[in-house]
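**Q** Quick one: sequence plus predicted model below, questions after.
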Amino acid sequence: MSDEKYLYVKKNWCKRCGYCIEFCPKNVWEFGDDGYPYPARPQDCVRCRMCVNICPEFAVIGEEEVTIKLEGR
Amino acid sequence: MKSAIHDYLRPKKKFPHVWCPGCGHGIILASIVRAIEAAGKNRDEVVVVSGIGCSSRAPVYVDFSSIHSTHGRALTFATGVKVANPKLTVIVISGDGDGMAIGGNHFIHACRRNIDLTMIVFNNNIYGMTGGQASPTMPQGDYASTAPFGTLERPFDVCKLANASGANFVARGVVTSPIPLEKHIKKGIEKKGFSVIDVAETCPTIYNFFNKTGNPLKMMKDLKAKAIPVQKANTMTEEELKGKIVTGVFADRYYPDFTTSYDKIIMDSAKRSMKDEESI
């Protein structure tokens, strides 16, 4: 796997609780114009995976292959 | 490092799940799945048993053998599964109302029996699914549909109860720190004997409706502020500990568990009968 930082929000699963924004230690996330969170500052990400672990909806995904696998669900 | 939960989701289940926005159940479920993977268990050898309630919807979403049993009786079904096939890893998912009030008797006797199960208590201090009745872990003075003037009874501490009843491993985690929670669950799975992991979380819908605690995010922040580790709690007075949630490992014992003792009895009696045959 490449070293590229990959963060993705599955919008049809997200319920917009905002935990990823609140609990990120590096303040990477922000609410977008559509109301869903998005990684506004991905360069600050240290890959602690707090957003992935704290998401109650399993909507934050840290791997591209998982995103591809879950497409259409 | 892969996100284990996505590998274990049932293929034909509809998502998003039924839990309310901001409910911590999803965080605990993901932690359980990560812990099972970290413990190196084969998914065909894991059985997840649950009772009735919001929390007990959890096994529906993950790809393990599962039993969705009757209200409060998850532990009894799990005991049956474990005794019938001791090779299985049995995990019991239970809420605070399901496991502590209706199944309270089963809980203390499962601790006493010390059978090799891992019980995870989704402790949100209220009956969420059945309409907001006061649960045995609800803080005194909080409101519920059965306590419109505030609960009169004092809550009990799940960890202290389990510790006193003789469980081999007792720990408490909070949903605001999923990594320590995962480690506690992993240790509970690996432990021979009964392990109880009490998980403090929030109920942003029903509990908030009766107690006006604010939006889900505020409730999570308050929960994070309330949680203190057990090492720090040991140095604090009772006054300071009021309203706090003490997290960490409370008991870690090595008493022989039920299935091991049972196998020993079978082996001993088999040896004895062989000796008798020889003497004849």
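**A** Okay, I see it. Residues are numbered from 1 along each chain as shown, chains lettered A, B, ... in the order given.
**Q** quick one: is whichever strand or helix holds A:Glu22 near chain B?
**A** Secondary-structure assignment from DSSP states H and E places A:Glu22 in helix A:19-23. Yes. Counting by C-beta under 8 Å from any C-beta of the partner chain, chain B is contacted by helix A:19-23 at A:Tyr19, A:Glu22, A:Phe23. In this view, the C-beta of every residue, glycine as well, is placed from N, C-alpha and C.
**Q** just the buried members of the residues you listed?
**A** Buried members of the residues of helix A:19-23 next to chain B, counted by 16 or more other C-beta atoms under 10 Å in any protein chain shown: A:Tyr19, A:Glu22, A:Phe23.
**Q** pLDDT score assigned to residue 54?
**A** Going with chain A. A:Ile54 carries a pLDDT value of 92.
**Q** Chain B, not that one
**A** Confidence at B:Cys54, expressed as pLDDT, is 91.
**Q** repeat for B:Leu152
**A** pLDDT recorded at B:Leu152 is 93.
**Q** helices and strands around the helix holding A:Glu22, which ones?
**A** Applying 3 or more C-beta pairs under 8 Å, 6 or more residues apart in numbering or on different chains; DSSP states H and E, we find helix A:19-23 packed against strand A:29-31, helix A:50-54, helix B:216-226.
**Q** which one of these is the most hemmed in?
**A** Sort the helices and strands packed on helix A:19-23 by mean neighbour count, taking mean count of other C-beta atoms under 10 Å in any protein chain shown, and helix A:50-54 sits at the top with a mean of 23.
**Q** how about the helices of the stretch 1-150 of chain B, start to end?
**A** For the stretch 1-150 of chain B, applying DSSP state H, counting those that start in this stretch gives helices covering B:4-8, B:25-38, B:58-61, B:74-84, B:96, B:104-113.
**Q** picking up where we left off before, looking at the residues of helix A:19-23 next to chain B, which is nearest B:Asp222?
**A** Checking the residues of helix A:19-23 next to chain B against B:Asp222 by C-beta to C-beta gives A:Glu22 as the nearest, at 12.1 Å.
**Q** Identify the residues contacting the residue nearest to the closest one when sequence neighbours are not counted.
**A** Once flanking residues are discounted, A:Glu22 sits nearest to B:Leu217: 5.7 Å by C-beta to C-beta, 6 or more residues apart in numbering or on different chains. Taking C-beta atoms under 8 Å, 6 or more residues apart in numbering or on different chains as the criterion, B:Leu217 is in contact with A:Cys17, A:Gly18, A:Tyr19, A:Glu22, B:Gly22.
**Q** Next one: B:Leu217, what pLDDT does it get?
**A** 91.
**Q** Quick check: the gap between it and A:Phe23.
**A** To A:Phe23, B:Leu217 is 10 Å away according to C-beta to C-beta, to the nearest Å.
**Q** and what of B:Phe156?
**A** Separation of B:Phe156 from A:Phe23 (C-beta to C-beta): 30 Å.
**Q** what's the burial count for A:Arg73?
**A** Residues contacting A:Arg73 under the criterion other C-beta atoms under 10 Å in any protein chain shown number 13.
**Q** List the contacts of it.
**A** B:Phe15.
**Q** three-state assignment of it?
**A** Reduced to three states with DSSP: H, G, I helix; E, B strand; the rest coil, the structure at A:Arg73 is coil.
**Q** again, but for A:Gln43
**A** Classification of A:Gln43 by three-state DSSP places it in helix.
**Q** between the contacts of B:Leu217, which is closest to A:Phe31?
**A** Within the contacts of B:Leu217, the smallest distance to A:Phe31 is 7.2 Å, found for A:Gly18 (C-beta to C-beta).
**Q** can you redo the helices of the stretch 1-150 of chain B as CSV with mean pLDDT?
**A** Converted to CSV, the helices of the stretch 1-150 of chain B look like this (pLDDT from 0 to 100):
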stretch, mean pLDDT
helix B:4-8, 86
helix B:25-38, 93
helix B:58-61, 92
helix B:74-84, 94
helix B:96, 90
helix B:104-113, 93
